[in-house]
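[1] I would like the atomic coordinates for the input below:
(one chain, ligands or ions: 2)
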Amino acid sequence: MLSMLIKVAKASDVLSSEITSESVYLKRRQLLTGLAAGAGLALSGGGMSAFAASDPHGLSSRISGAAKTAYGKEEELTPFKSASTYNNFYEFGTEKSDPAEYAHKMVTDPWSVSVEGHAENTGVFHLEGLLSGFDLEERIYRLRCVEAWSMVIPWLGFPLAQLIKKLKPSSKAKYVFFETLNAPDQMRGVGSYFSSIEWPYIEGLRIDEATHPLAFMAVGMYGKSLPNQNGAPFRLVMPWKYGFKSIKSIVKIRFTDKPELTSWQKAGPKEYGFYSNVNPGVDHPRWSQKTERRLPNSLFSPNRIDTRMYNGYGEEVASLYAGMDLTKNY
Ligand SMILES: Nc1nc2c(c(=O)[nH]1)N[C@H]1C(S)=C(S)[C@@H](COP(=O)(O)O)O[C@H]1N2
Ligand SMILES: [Mo]
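    Residues are numbered from 1 along each chain as shown. Ligands and ions are numbered 1, 2, ... in the order given. Model prediction:
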């Protein structure tokens, strides 16, 4: 069990321990593995296990202390019930109700995250360690699914840029890719022969998109930690992109110098591009993207609204795509 808590040693670490003073080295290791955190120690079993079970990632106090935000204050929130029962999480099935019904089988504690590629701080980390020292804040963001429905959700988390800074990518890191847990025994959709996408679920961003101040990593929503169906224990939230970019239940972060194909690009290259920015001017080959259904909706109140360029975040993000042909880079 203890091995779960310790960053898997690599040859480069051993070398750095020889050239760095012992205490600097230990401090750096503690920062990254979370060994100094009480919640981390609780996972080794023993007297604190009850605490660990009720607060698996030591997040509840940070969630209750999360800074309130100015983001999205003018929005009407989607009720928690809609946001937690109408989901896409194909690992659990393709029906919108499948994630809420089956995602409880996913084990989210302990949770380790592998960091690979062009970065200084690569290795396998305990989630507590990765997130140690981060203050949480609330961000109210619109999420617009490529299937033309949308929600407004109060997320709890931290800017992705903060995590990337901690991992210290090198100048070769032009992209960052993320992978979801791939556990057929816990995820009924992953083992299924009917699945339309390749597992693990993979998504990626250009590094300048990933470090944009609006790019967010969520550990909670509506004042609580994330329900499994919404991507526990941590997931990406990219408010100006179609929902499928916002990958859930992340176990791998990889810095690369070249673009790679994402799961949805592999599934349908004509339908899903790398950028996937919300754009009412470029229709999906099989349906219009001009309007969206704001949840909750019903037959009698269809709640149809116009879709906005970059999901309404254009003022902040449009400069990332200056000069690009958005009908080609969809
Ligand atoms: N691993 C994984 N992440 C995923 C998906 C998925 O199927 N698997 N679906 C995506 C899609 S299509 C959308 S619209 C959002 C939905 O997030 P929500 O259920 O929290 O609203 O999650 C995205 N993240
Ligand atoms: Mo989606």
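
[2] Can you get me a residue count around residue 302?
    With neighbours defined by other Cβ atoms under 10 Å, the count for residue 302 comes to 11. Quick note: C-beta positions are derived from backbone N, CA and C, even for glycine.

[3] Phi and psi next, for it.
    phi -70, psi -20 (degrees, to the nearest 10).

[4] Correct me if wrong: it contacts residue 294.
    No - judged on Cβ atoms under 8 Å, residue 302 makes no contact with residue 294 at a distance of 9.4 Å.

[5] now the helices for the stretch 51-200 of the chain?
    For the stretch 51-200 of the chain, the helices defined by DSSP state H, counting those that start in this stretch cover 60-64, 80-85, 98-102, 127-131, 160-167.

[6] Same list, those, but as a markdown table with mean neighbour count please.
    Listed next are the helices of the stretch 51-200 of the chain as a markdown table, based on neighbours: other Cβ atoms under 10 Å:
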| stretch | mean neighbour count |
| --- | --- |
| helix 60-64 | 15 |
| helix 80-85 | 17 |
| helix 98-102 | 20 |
| helix 127-131 | 25 |
| helix 160-167 | 19 |
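
[7] Excluding chain neighbours, what is closest to the residue of the stretch 201-330 of the chain found nearest ligand 2?
    As assessed by Cβ to the ion, ligand 2 sits closest to residue 243 within the stretch 201-330 of the chain, at 3.4 Å. By the measure of Cβ to Cβ, 6 or more residues apart in numbering, the closest residue to residue 243 outside its immediate chain neighbours is residue 145, 4.1 Å from it.

[8] give me the number of residues near the one you found?
    Residues lying near residue 145 (other Cβ under 10 Å) number 20.

[9] repeat for residue 77
    As a burial measure, the neighbour count of residue 77 was computed by other Cβ under 10 Å and equals 14.

[10] how near is it to ligand 1?
    Residue 77 sits 13 Å away from ligand 1, taking Cβ to the nearest ligand atom, to the nearest Å as the criterion.

[11] ok, back up a step: for the helices of the stretch 51-200 of the chain, give me JSON lines that also has distance to ligand 1.
    As requested, the helices of the stretch 51-200 of the chain are exported to JSON lines (distance: least, Cβ to the nearest ligand atom, whole Å):
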{"stretch": "helix 60-64", "distance to ligand 1": "17"}
{"stretch": "helix 80-85", "distance to ligand 1": "6"}
{"stretch": "helix 98-102", "distance to ligand 1": "7"}
{"stretch": "helix 127-131", "distance to ligand 1": "16"}
{"stretch": "helix 160-167", "distance to ligand 1": "15"}
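
[12] Adding distance to ligand 2 as columns, could you present those helices in TSV?
    Written out in TSV, the entries for the helices of the stretch 51-200 of the chain read as follows (distance: least, Cβ to the ion, whole Å):
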stretch	distance to ligand 2
helix 60-64	25
helix 80-85	13
helix 98-102	12
helix 127-131	25
helix 160-167	19
